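*Asks:* missing the sequence, but the structure's below:
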């Protein structure tokens, strides 16, 4: 059973044990991903953890108060979008305190989402715009057309950047393995 169905069922039955268990499963399933999305924007471990906690607290409170579970077709996309928006809000509020990219390796070592080699390749061969397009499309699940509309860039440009980025990553990984 998918997490969306489990959540819907738990809300219908209103059993607190079942809700708690479902919320724990959602948290455990998506914590690393939500953290990763947030970290890509704020580039700071502590701030990313705070944003991650905010995302989950907000998600759970919204679900319990508004019964919007039936409108959420994809929890993963919902949480990633929320993480991205909260991260951008954080950056707007803290413009003077924009972090540097010094902690990135420690994050990945700690959570083992990617290995160091991949991170080095990711950071060296992709621009910030390329990274954000890949994150939005692959991790968050936005279509390339939606990304183009959101960034106010022609669709074919976004499509080219996406495919070129994937190709660059593949070639760089292949060269590193030699």
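*Replies:* All right, it came through fine. Since we're looking at a predicted model, the values are computed, not measured. Numbers count the residues shown, from 1 in each chain.
*Asks:* do I have it right that residue 3 meets residue 72?
*Replies:* No - if you go by C-beta atoms under 8 Å, residue 3 and residue 72 don't touch, sitting 10.0 Å apart. Heads up, the C-betas are built off the backbone N, CA and C, glycines and all.
*Asks:* pLDDT wise, what is residue 100 at?
*Replies:* Turning to residue 100, the model gives it a pLDDT of 33.
*Asks:* please read the previous query as pertaining to residue 26.
*Replies:* pLDDT, residue 26: 93.
*Asks:* and it, which helix or strand is it part of?
*Replies:* helix 16-42 (DSSP states H and E).
*Asks:* off-centre distance for the helix or strand following that helix?
*Replies:* Using DSSP H and E, the next helix or strand after helix 16-42 towards the C-terminus is helix 45-66. Between the centre of helix 45-66 and the centre of its host chain there is 13 Å, according to C-alpha atoms, centre = their mean, to the nearest Å.
*Asks:* helix 45-66 packs against which elements?
*Replies:* Contacts defined by 3 or more C-beta pairs under 8 Å, 6 or more residues apart in numbering; DSSP states H and E place helix 45-66 against helix 16-42, helix 75-93, helix 104-111.
*Asks:* can you lay out those helices as TSV showing mean neighbour count and distance to residue 149?
*Replies:* Output for the helices and strands packed on helix 45-66, formatted as TSV (neighbours: other C-beta atoms under 10 Å; distance: least, C-beta to C-beta, whole Å):
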stretch	mean neighbour count	distance to residue 149
helix 16-42	18	20
helix 75-93	18	14
helix 104-111	15	29
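*Asks:* so which of the ones you listed is nearest residue 153?
*Replies:* Closest of the helices and strands packed on helix 45-66 to residue 153 is helix 75-93, at 17.1 Å (criterion: C-beta to C-beta).
*Asks:* not counting the closest one itself, show me its contacts.
*Replies:* 3-4, 7, 26, 30, 33-34, 37-38, 40-42, 47-48, 51-52, 54-56, 58-59, 72, 98, 136, 139-142 (C-beta atoms under 8 Å, 6 or more residues apart in numbering).
*Asks:* circling back to that earlier point, would you turn the helices and strands packed on helix 45-66 into CSV with distance to residue 154?
*Replies:* Conversion of these to CSV gives the following (distance: least, C-beta to C-beta, whole Å):
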stretch, distance to residue 154
helix 16-42, 24
helix 75-93, 22
helix 104-111, 31
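*Asks:* quick one: closest of those to residue 159.
*Replies:* It's helix 75-93; of the helices and strands packed on helix 45-66, that one is closest to residue 159 (C-beta to C-beta) at 20.0 Å.
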